[in-house]
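Peer 1: here is the input, now give the coordinates:
(one chain, ligands or ions: 2)
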Amino acid sequence: MTAEAHQPILSVKNLRVWYGTPRGAAQAVDGVSLDIGPGEAVGLVGESGCGKSTLGRALMGLTPDSAARDGQIYYRGQDVLRLGRRGMHALRGPEIGLIFQEPMTRLNPLLRIHDHFRETLRAHEPGLSKDEIKRRSLETLGHVGIPPTRFHQYPHEFSGGMRQRIMIALALVLRPKLLIADEPTTSLDVLVEAQILRLLKDLQRDYGTALLLITHNLGIVAEACDRMAVMYAGRVAEDGPVHEVFAEPGHPYTRELLRSTISLSTRNLSHIPGSPPNLVHPPAGCRFHPRCPDAMQVCRQKVPRITDLGGGQHVACWRHGPESAIPAGGRAPLEQETVDVADEA
Ligand SMILES: Nc1ncnc2c1ncn2[C@@H]1O[C@H](COP(=O)(O)OP(=O)(O)O)[C@@H](O)[C@H]1O
Ligand SMILES: [Mg+2]
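Peer 2: Numbering: from 1, shown residues only. Ligands and ions are numbered 1, 2, ... in the order given. Here you go, the predicted model:
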């Protein structure tokens, strides 16, 4: 492999995004770092409201005016947050494609499918001939399983799953190197969901497109991703290869998420007790500590350091940090009395 192959195509460093709200600033993304390699599928998971969509949009420079941001995003070495309008136009679509949850709100009901493709291609590749536009559009639609006979139909003539396929094709027709899919199957039924996921995987293989798959559903990550990052209240709690994280979750939050997913599949409904915090006044220390069965004193006071668990897995949890190794009666007064009674019994 060349050195180039090891370079991430997207590299996020210490990204922060705050929304201004009447009650103060909501820290929706708070110090997230994340790399995506060429052709790699990365899942971004976490409960609703933890900042996944905010992060996904920030990666494309799509932060609303009401928000402030800080940190760095590099796309193939380019500093995304410093790109001007032209740079952004060249980035969004041809380099990074975005698929949203609700395909209907993104398709214009007054335009036929072929018009959508023509507008997309003309906006980014103005030199293309009519024939070339048609050829590229039909080829891409074919890849997502939409026959040429439907090229002249309107969005309302398609089912939800078909519309999502069209959105995927509209993103792929520009041959982006990275596709960000934000809950792309959430409004679809389970069968269609499985088809769309298979499709995304096939396309990733055929086109070598890297994928950031944003979802609250761990099953989807298991199915479609190589690596994953688990977000909690604006921060990454844990990241690593999907296989390793599922086999040995390093963070209590990941463990609880996995447990609730497993019990859901056996129809034994279970939730992680409590709810995610208010992001205007998040808890000090580890933001998960009020819900964490393993919380220690230090967790309430200090933001956990990131520990490398080996094999590409990292966790932000004091249970793995050097502080957890300090013996009772040892050096640090903070940790001596610690440890919640419940889990030490
Ligand atoms: N435009 C906005 N203005 C103010 N707050 C927002 C806005 N969008 C999202 N938020 C808040 O930011 C937090 C993260 O939201 P979001 O990124 O949508 O999370 P997720 O995609 O994980 O459900 C939530 O608390 C949400 O209420
Ligand atoms: Mg979201």
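Peer 1: rest of the way, CA atoms for contacts and neighbours
Peer 2: OK.
Peer 1: which parts of the stretch 151-300 of the chain sit against ligand 1?
Peer 2: residue 279 (CA under 6 Å from any ligand atom).
Peer 1: just the pLDDT at whatever residue of the stretch 151-300 of the chain ends up closest to ligand 1, thanks.
Peer 2: For the stretch 151-300 of the chain and ligand 1, the shortest gap (CA to the nearest ligand atom) falls at residue 279, measuring 5.9 Å. Reading off the confidence values, residue 279 has pLDDT 96.
Peer 1: and it, what element?
Peer 2: Residue 279 is part of no helix or strand when elements are defined by DSSP states H and E.
Peer 1: which residues sit against the biggest helix by length in the chain?
Peer 2: Using DSSP state H, we find that the single longest helix of the chain is helix 190-207. With contact meaning CA atoms under 8 Å, 6 or more residues apart in numbering, helix 190-207 is reached by 39, 41, 143-144, 161, 165, 175, 185-186, 209-211, 220, 223-224.
Peer 1: who's in contact with the residue of the stretch 151-300 of the chain closest to ligand 1?
Peer 2: With contacts defined as CA under 8 Å, 6+ apart, residue 279 is in contact with 25, 26, 27, 28, 233, 234.
Peer 1: at 7 Å what do you get?
Peer 2: By CA atoms under 7 Å, 6 or more residues apart in numbering, the contact set of residue 279 is 26, 27, 28, 233.
Peer 1: now render those as CSV, adding secondary structure.
Peer 2: Below are the contacts of residue 279 laid out as CSV (DSSP: H, G, I helix; E, B strand; the rest coil):
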residue, secondary structure
26, strand
27, strand
28, strand
233, coil
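Peer 1: with distance to residue 215 and pLDDT added, can I get these in JSON lines?
Peer 2: Shown next, in JSON lines, are the contacts of residue 279 (distance: CA to CA, whole Å; pLDDT from 0 to 100):
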{"residue": "26", "distance to residue 215": "21", "pLDDT": "96"}
{"residue": "27", "distance to residue 215": "20", "pLDDT": "96"}
{"residue": "28", "distance to residue 215": "16", "pLDDT": "97"}
{"residue": "233", "distance to residue 215": "15", "pLDDT": "97"}
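Peer 1: give me the secondary structure label for residue 12.
Peer 2: In three-state terms, and counting by three-state DSSP, residue 12 is strand.
Peer 1: could you give the bridge partners of it?
Peer 2: Listed by DSSP bridges, the beta-bridge partners for residue 12 are residue 34, residue 73.
Peer 1: could you pull out the strands for the stretch 201-345 of the chain?
Peer 2: With DSSP state E, counting those that start in this stretch as the criterion, the stretch 201-345 of the chain has strands at 210-215, 227-232, 235-241, 306-310, 313-316.
Peer 1: quick one: low-confidence parts of the stretch 201-345 of the chain?
Peer 2: Within the stretch 201-345 of the chain, the segments meeting pLDDT under 70 span 263-270, 322-345.
Peer 1: show me what contacts the closest residue to residue 10 other than its chain neighbours?
Peer 2: In this structure, residue 10 finds its nearest non-sequential neighbour in residue 75, 4.6 Å apart by CA to CA, 6 or more residues apart in numbering. By CA under 7 Å, 6+ apart, the residues touching residue 75 are 9, 10, 11.
Peer 1: swap in residue 214?
Peer 2: Contacts for residue 214 (CA under 7 Å, 6+ apart) come out as 43, 44, 45, 52, 181, 182, 183.
Peer 1: who is it paired with across the strands?
Peer 2: Per DSSP bridges, the residues bridged to residue 214 are residue 44, residue 182.
Peer 1: ok, the closest residue to residue 236 other than its chain neighbours - contacts?
Peer 2: Using CA to CA, 6+ apart and skipping the chain neighbours, the partner closest in space to residue 236 is residue 230 (5.6 Å). Taking CA under 7 Å, 6+ apart, we find residue 230 in contact with 44, 45, 46, 236, 237, 238, 239, 254.
Peer 1: helix, strand or coil: sort out residue 97 for me.
Peer 2: Reduced to three states by three-state DSSP, residue 97 is strand.
Peer 1: so residue 30 touches residue 18, yeah?
Peer 2: No - here residue 30 does not reach residue 18: they are 8.1 Å apart, not a contact under CA atoms under 7 Å.
Peer 1: quickly list what's touching both of those two.
Peer 2: Contacts common to residue 30 and residue 18, judged by CA under 7 Å, 6+ apart, are absent.
Peer 1: just to revisit the earlier point, just the closest of the contacts of residue 230 to residue 296, please.
Peer 2: Nearest to residue 296 among the contacts of residue 230 is residue 237, at 16.2 Å by CA to CA.
Peer 1: so what's the closest one up against?
Peer 2: Residue 237 neighbours (CA under 7 Å, 6+ apart): 230, 231, 251, 315, 316.
Peer 1: now the last one: closest residue in space, sequence neighbours ignored.
Peer 2: Right, residue 316. Closest residue in space to residue 316, ignoring its immediate chain neighbours: residue 306 at 4.4 Å, by CA to CA, 6+ apart.
Peer 1: now the fourth one
Peer 2: Excluding the flanking residues, the one nearest residue 315 by CA to CA, 6+ apart is residue 238, at 4.3 Å.
Peer 1: so what's that neighbour up against?
Peer 2: Applying CA under 7 Å, 6+ apart to residue 238 gives the contacts 229, 230, 251, 314, 315, 316.
Peer 1: circling back to that earlier point, list only buried entries from the contacts of helix 190-207.
Peer 2: Neighbour-count burial (16 or more other CA atoms under 10 Å) applied to those gives 39, 41, 143-144, 161, 165, 175, 185, 209-211, 220, 224.
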